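Pasting the sequence and the predicted model now:
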Amino acid sequence: MLNQIVGGIIQAQVVRLILKTNFQIFNGHKSLFQQLFLNLFSNSIKYSKTNEPLIINLRNELSQDSYCKISISDNGMGIPLVINLEF
């Protein structure tokens, strides 16, 4: 699933994708997960710095109570602190 999403949106970009995941089969709504990853990767590309290649890191952790925590980071411009404090 991730390969299809990433492949579809990074065709014209120079992107280094670092996957540190051990995704197992998990239950969830497929189209919602596809939309989630599509939005996150699209935002990474949209707000990337124009003078350097984009690096996207994706990793996951499984908690003791069987929840999956997914973290995505990139080297883009980021969210201004003033806006970030609202959330």
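Noted; the coordinates are in hand.

Buried residues of the longest strand anywhere in the chain, list them for me.
The longest strand of the chain (DSSP state E) is strand 54-62. Buried residues in strand 54-62, counting neighbours by 16 or more other Cβ atoms under 10 Å, are found at 54, 55, 56, 58, 60. Heads up, the C-betas are built off the backbone N, CA and C, glycines and all.

Which other helices and strands does the longest helix along the chain contact?
Longest helix in the chain, counting residues (DSSP state H): helix 30-46. In terms of contacts (3 or more Cβ pairs under 8 Å, 6 or more residues apart in numbering; DSSP states H and E), helix 30-46 is packed against helix 2-9, strand 54-62, strand 68-74.

Direction included, what does the next helix or strand after the first one pair up with?
Along the chain past helix 2-9, the next helix or strand (assigned with DSSP states H and E) turns out to be strand 15-20. Taking DSSP bridges as the criterion, strand 15-20 sits next to strand 54-62 (parallel) in its sheet.

Quick one: mean pLDDT for the strand it pairs with?
Strand 54-62 carries an average pLDDT of 83.

hmm, who's touching it?
Contact with strand 54-62 is made by 2, 13-24, 41, 44-45, 48, 68-76, as judged by Cβ atoms under 8 Å, 6 or more residues apart in numbering.
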